[in-house]
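# The following comprises the amino acid sequence and a computationally predicted model.
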Amino acid sequence: MTCVRSPGRTARFLMLVLLLMAVGCGRREPQPSDSKSAAGTAEGTAAAASPAAEAAALDQGPRAAEAMEAVAPLAATGQMLFDAKGCTGCHTFGESDTAPDLRGVASRRTAAWLRRQILEPEWMAEHDSLTRAMVEHYGVPMADLDVSTDEAAALLHFLVREDAGP
Ligand code: HEC
């Protein structure tokens, strides 16, 4: 008797493929959104105003360390990115040589301000008075390291965790 390929096999294979696809789609990265901090600041509300007003609004509201709590896995990712993205090339916690000391930075700045600084340092150097003062002091603006919004969120959680102390 010749071997007839059972039609059930193809069907089972297709089921498996569909199942794997379903599993793959379900496993999405958690969205690191900290609605608490976004709600606590004027971020987004000054879009229609001048860039300077928009920048000034970023500094309004509670400081990042007051407005949010570091989520451990995000902070761990942020720590890894801090190294991988090259932030360590200029920044340390505890020293201020070529760039600001990042110790306590989450207690000095709002979450919205920090996010913008990490995402768009050039825009901040142009429009934000706090950043302009730092550029003047250090003689160089911060580099744009092409950080994504998810990466910036993780970096923010890392900075907040560092401020919380060991
Ligand atoms: C080429 C050097 C350089 C690199 C690389 C760099 N920075 Fe900066 N950073 C600066 C300088 C200089 C300033 C101050 C002037 C400015 O903001 O433009 C600054 C400012 C900051 C501030 C604000 C500090 C304060 O006291 O308000 C934060 C937060 C920060 N950087 C985070 C980062 C993170 C996160 C990365 C990595 C994604 C990074 N920086 C990469 C040089 C650097």
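Alright, I've got the coordinates.

# Show me what secondary structure element comes after the helix-or-strand element of the chain with minimal mean pLDDT.
When the helices and strands of the chain are compared on mean pLDDT, DSSP states H and E, helix 35-40 comes out lowest with a mean of 42. With elements assigned by DSSP states H and E, the helix or strand that comes after helix 35-40 is helix 51-58.

# And that next one, what does it pack against?
Helix 51-58 sits against helix 111-119, helix 121-127, helix 129-138, with contacts defined as 3 or more C-beta pairs under 8 Å, 6 or more residues apart in numbering; DSSP states H and E. C-beta: built from backbone N, CA, C; applies to glycine.

# Tell me, how many residues neighbour the closest residue to M142 other than its chain neighbours?
Residue nearest to M142 in three dimensions, not counting chain neighbours: P121, with 3.8 Å by C-beta to C-beta, 6 or more residues apart in numbering. When counting by other C-beta atoms under 10 Å, one arrives at 19 neighbours for P121.

# from what I can see P121 touches D128, true?
No. Using C-beta atoms under 8 Å, P121 is not in contact with D128; the gap is 9.7 Å.

# picking that back up, contact partners for the residue nearest to M142?
131, 141-144 (C-beta atoms under 8 Å, 6 or more residues apart in numbering).

# From the residues you listed, which land in helices?
Cross-referencing these against helices under DSSP state H gives T131.

# List the buried residues for stretch 144-153?
By neighbour count on 16 or more other C-beta atoms under 10 Å, the buried set for stretch 144-153 is 145, 147, 150-153.

# pull the CA atoms of it into CSV?
Output in CSV follows, covering the C-alpha atoms of stretch 144-153 (Å, rounded to 0.1, in the frame of the first residue of the first chain):
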residue,chain,number,x,y,z
ASP,A,144,22.1,63.5,20.8
LEU,A,145,22.5,59.7,21.1
ASP,A,146,19.5,58.8,19.1
VAL,A,147,17.5,57.5,22.1
SER,A,148,14.1,56.1,21.4
THR,A,149,11.1,57.1,23.6
ASP,A,150,11.1,53.6,25.3
GLU,A,151,14.8,53.9,26.0
ALA,A,152,14.3,57.4,27.4
ALA,A,153,11.6,56.1,29.7
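
# and the chain, which residues reach the ligand?
Counting by C-beta under 6 Å from any ligand atom, the residues of the chain close to the ligand are 82, 85-87, 89-91, 99-100, 102, 105, 108-109, 114, 117-118, 121, 125, 131, 134-135, 138, 140-143, 145, 147, 155.

# Would you mind listing the buried residues in the host helix or strand of L74?
Element membership for L74, per DSSP H and E: helix 72-84. With burial defined by 16+ other C-beta under 10 Å, the residues of helix 72-84 counted as buried are 74-75, 77-79, 81-82.
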